[in-house]
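Trainee: Just the structure for this:
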Amino acid sequence: MRYSAILMLMCAIPALALGAQPISPRFSADPSAHFFSDKGQGQFYVYATDDASNSGKYWDSTSWRLYTSPDSMRWKDAGIPLAVTVFKWARPDAKAWAPEVAQRNGKYYFYAPVGGDKIGVAVSDRPDGGYRDARTTPLVDKARDANAGDEPIDPAVFVDKSGQAYMYFGTRVPKVVKLKSDMTSTDGAINNVVIHNMPNASQYGEAPFLHEHAGVYYFSFSTGWPGQIVYATGASPLGPFTYRGVIVDYLKISTNHHSIVEHDGKSLLFYHDSLLPGGSSYRRSITTAPLDYTSDGGIRKIELAPSQLGSKPKP
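Mentor: Numbers count the residues shown, from 1 in each chain. Next up, the predicted model:
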């Protein structure tokens, strides 16, 4: 769809709080956001779960969606970068859940949760497509790997300054495993991520993410279904981490999922909500908000419009 058409559609969307405008009129969720420089052309890339192609009754789409922007303001729908059928070991109707992409060694690695019990990895020379199965077997498999957890889903990859790569994933108990420099093999055991001082009424649910800011490692995640996006800090990518506070409060949908991009001295939070007409827990939309830090290294809570706010789940 041409950008002018997208702009016209977005102008028809009811006004929301600053930073809560959908990046596309297409239903999408679970943003894996990045700023990549490809062949000298730097732009934002958001890889997403494609809610527009699911049944509307469950998260059962079988392909992922990509959106690109030169400035995080004007967005283009770049189509399907990858479908489950790339992985011959997977059922062609397996669920395509929250994705992740990492750039290294001139290649792009797409970490794909397939069917709720496996994570595959595909590789391409381009960020926007051409992905092929990098292994011919899953990178993580619940039936094969010790401590893979209830659901090995929601991968998030972080590469530290020494070049060591880590992949975080999982529901209910957060997991982390080191990746080898080829980005397609695990290096050692899958370990639990330890979070200290969690509030009594809260817990880890899903959607782990790690980023570094001013020498501090920030581990953020959703607390459940529905959940808040909260964060903890630590001195190592492996933790342990200490709970610090809330970034995004409860929404009116059953999931909460985010990613953070630090570029050009600014931090930008991507998350999903039910912002579009007809939106629901299965018809979500991606939006952005600036992320600010306090003098003591904390993250300021994102102030949402009252129309976005949901209720805390009952015990």
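Trainee: wait, what's in contact with Ser254?
Mentor: Contacts of Ser254 were listed using Cβ atoms under 8 Å, 6 or more residues apart in numbering, and they are Trp225, Pro226, Ser281. All C-beta atoms are positioned from the backbone trio N, CA, C, and that covers glycine.
Trainee: Considering these, which is situated nearest to Ser311?
Mentor: Distance to Ser311 across these (Cβ to Cβ) is lowest for Pro226, with 8.0 Å.
Trainee: The closest one against Ile253, yeah?
Mentor: Yes: using Cβ atoms under 8 Å, Pro226 is in contact with Ile253, at 6.7 Å.
Trainee: what touches both of the two?
Mentor: Gly310.
Trainee: mind listing the strands for the stretch 201-315 of the chain?
Mentor: Taking DSSP state E, counting those that start in this stretch as the test, the strands found in the stretch 201-315 of the chain are 206-213, 216-222, 229-234, 241-248, 258-263, 266-273, 285-291.
Trainee: export those to TSV and tack on mean neighbour count?
Mentor: Shown next, in TSV, are those (neighbours: other Cβ atoms under 10 Å):
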stretch	mean neighbour count
strand 206-213	21
strand 216-222	23
strand 229-234	22
strand 241-248	19
strand 258-263	19
strand 266-273	22
strand 285-291	22
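Trainee: so can I have a markdown table of these showing mean pLDDT and distance to Lys142?
Mentor: Shown next, in a markdown table, are the strands of the stretch 201-315 of the chain (pLDDT from 0 to 100; distance: least, Cβ to Cβ, whole Å):
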| stretch | mean pLDDT | distance to Lys142 |
| --- | --- | --- |
| strand 206-213 | 98 | 15 |
| strand 216-222 | 98 | 20 |
| strand 229-234 | 98 | 25 |
| strand 241-248 | 98 | 24 |
| strand 258-263 | 97 | 24 |
| strand 266-273 | 97 | 25 |
| strand 285-291 | 97 | 28 |
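Trainee: Include distance to Trp97 when you put these into CSV, please.
Mentor: Shown next, in CSV, are these (distance: least, Cβ to Cβ, whole Å):
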stretch, distance to Trp97
strand 206-213, 10
strand 216-222, 13
strand 229-234, 17
strand 241-248, 20
strand 258-263, 14
strand 266-273, 13
strand 285-291, 15
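Trainee: Quick one, which of the ones you listed gets closest to Asp30.
Mentor: strand 266-273 (6.5 Å).
Trainee: in its sheet, what does that closest one sit against?
Mentor: strand 258-263 (antiparallel), strand 285-291 (antiparallel) (DSSP bridges).
Trainee: Select, out of those, the one closest to Asp145.
Mentor: It's strand 258-263; of the strands paired with strand 266-273, that one is closest to Asp145 (Cβ to Cβ) at 24.4 Å.
Trainee: Quote the end-to-end distance of stretch 132-141.
Mentor: 19 Å (Cα to Cα, to the nearest Å).
Trainee: Now it: average pLDDT?
Mentor: Averaged across stretch 132-141, the pLDDT comes to 98.
Trainee: Buried residues, that stretch. List them.
Mentor: Asp133, Ala134, Pro138, Leu139, Val140, Asp141 (16 or more other Cβ atoms under 10 Å).
Trainee: quick one, what contacts Phe35?
Mentor: Applying Cβ under 8 Å, 6+ apart, the residues near Phe35 are Gly42, Gln43, Phe44, Tyr45, Val261, His263.
Trainee: Give the bridge partners for it, please.
Mentor: Bridge pairing for Phe35 - DSSP bridges - gives Phe44.
Trainee: Just the pLDDT at it, thanks.
Mentor: Predicted confidence (pLDDT) for Phe35: 98.
Trainee: which stretches of this protein form helices?
Mentor: Counting by DSSP state H, the chain has helices at residues 3-11.
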